[in-house]
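Engineer: Using only what follows, build the 3D model:
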Amino acid sequence: MLFAIVMAFSISAVSAANTTTVDANSIIKSSDTVKNYVETKKAVPTTVTVGSKKVTSAQYLYILSSTVTNLNKNSKKSVTVKTIAKAPKPVENVKTGTLSKSEYIKLAGKITTFVNTNGRLPNFITTSKGNMNPDNLIYTYSKIVAFYKTNNRLPNTVSVKPWSTTKSTSEGSPATIDAIFKKAAKYGYSHAAHDAATLVKIGAGDCWAMSDYLFKQLKAAKVKARIIQYPTAYASNHRSVQYYKNGAWVNVPYRTYGFNSMFNNVGSSGTVIASC
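Structural biologist: Below you'll find the model as predicted:
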């Protein structure tokens with residue numbers, strides 16, 4: 001009997017020792033860093049340092065949600081760092097607007113309850129403005145806690161907008177785009193290739209192949225781009241690529257980079273074949 005009691009105590013002690021927590025002040029301090037990261041990098045960080053602990057973005061949403069719930073109760077309790085999986089299929093259709101304090105407090109409770117039950121983030125949380133995905137929730141709750149950091153109180157409302165307008169649409173770095181265009185310009189023209197793979201294989205291709213190649217290269221570099229198709233004096237289905245620059249769609253400067261002259265025809269509009 002004594003052995004059993006000792007064993008139970010030992011297991012409980014080990015379990016307690018292995019429990020990781022983060023304190024409220026460290027969480028509050030980290031919120032500003034994450035908020036600024038999202039607004040600068042247009043993405044949620046993969047990991048977040050909270051005090052001396054490094055947590056995943058999934059864990060961080062749980063931590064933020066728990067903290068908002070606690071702060072609403074005038075509590076600065078530490079939050080347990082749980083093992084939390086990412087949302088398997090995040091989706092969103094939220095509209096621009098604001099959430100009231102009572103609503104975002106209620107939603108914080110829904111997030112923590114879902115995680116405690118399922119061990120993962122939800123694919124979305126339904127709000128009065130539509131469904132919000134986890135990345136948008138991380139940004140939203142980092143703004144709420146960052147407001148608390150500055151004002152020592154929770155905000156009366158928090159603004160929300162589609163994550164697609166917050167995340168990188170990216171216009172890309174000039175150096176990256178320049179390298180893509182220079183590399184593409186080395187390929188010649190040929191009727192034998194109509195897609196990127198064949199263009200790379202034989203070293204030449206038609207306007208469809210070049211457009212496919214440029215689009216895929218820009219997409220891989222997270223640059224907002226699109227293929228458009230329109231008639232020219234030479235073909236009824238000519239294709240070229242546009243990319244997003246300074247808030248507008250612009251044509252790839254084929255002539256500037258010395259592309260084969262067969263690629264030089266560009267249009268300001270046309271049927272969008274693909275976009276990213």
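Engineer: alpha carbons only for contacts and neighbour counts from here, please
Structural biologist: Noted.
Engineer: residue ranges with poor pLDDT in the protein?
Structural biologist: By pLDDT under 70, the low-scoring segments of the chain are 1-18, 167-171.
Engineer: What ranges does it have for its strands?
Structural biologist: Remark: strands assigned in the chain by DSSP state E are 21-22, 47-50, 53-56, 79-80, 97-100, 125-127, 130-132, 157-160, 188-189, 204-205, 225-230, 238-245, 248-251, 271-275.
Engineer: Which strands and helices lie in contact with the third one?
Structural biologist: What that stands for is strand 53-56. Counting contacts by 3 or more CA pairs under 8 Å, 6 or more residues apart in numbering; DSSP states H and E, strand 53-56 packs against strand 47-50.
Engineer: what's the strand it packs on in contact with?
Structural biologist: V22, S26, I27, S30, V34, K54, V55, T56, S57, Y60 (CA atoms under 8 Å, 6 or more residues apart in numbering).
Engineer: ok, the residues you listed vs T112, which is closest?
Structural biologist: Y60 (11.3 Å; CA to CA).
Engineer: Report the separation between the residue nearest to the closest one when sequence neighbours are not counted and N246.
Structural biologist: Leaving aside its chain neighbours, Y60 sits nearest to V48 (7.1 Å; criterion: CA to CA, 6 or more residues apart in numbering). Distance, V48 to N246, by CA to CA, to the nearest Å: 31 Å.
Engineer: neighbours around the nearest residue to L154 once chain neighbours are set aside, how many?
Structural biologist: What sits nearest to L154 in space, not counting adjacent residues and going by CA to CA, 6+ apart, is Y148, at 5.1 Å. Number of residues near Y148 (other CA atoms under 10 Å) recorded here: 19.
Engineer: Please report how far the residue most central in space within the chain lies from K222.
Structural biologist: Most central in the chain under CA atoms, centre = their mean is A43, positioned 4.2 Å from the mean C-alpha point. Using CA to CA, A43 is found at 12 Å from K222.
Engineer: and if you look at M210?
Structural biologist: 18 Å.
Engineer: Please say which of the two ends up with more neighbours.
Structural biologist: M210 (27 against 16).
Engineer: how about that one, what does it touch?
Structural biologist: A184, H194, D195, A196, L199, S240.
Engineer: Which one (most neighbours) among those?
Structural biologist: S240 (28 neighbours).
Engineer: Tell me what it is bridged to.
Structural biologist: For S240, the beta-bridge partners are I228 (DSSP bridges).
Engineer: which ones are touching it?
Structural biologist: S240 sits in contact with 207-208, 210-211, 227-229, 251-252, 263, 265-267, where contact means CA under 8 Å, 6+ apart.
Engineer: which of those residues are buried?
Structural biologist: C207, W208, M210, S211, I227, I228, Q229, N251, V252, F263, V266, G267 (16 or more other CA atoms under 10 Å).
Engineer: which of these lies closest to K106?
Structural biologist: Once CA to CA is applied, the member of the buried ones among the contacts of S240 that ends up nearest K106 is I227, at 43.6 Å.
Engineer: What sits closest to that closest one if chain neighbours are left out?
Structural biologist: Per CA to CA, 6+ apart, closest to I227 is V241, 4.6 Å.
Engineer: any idea how far that neighbour is from R255?
Structural biologist: For V241, the distance to R255 - CA to CA - is 13 Å.
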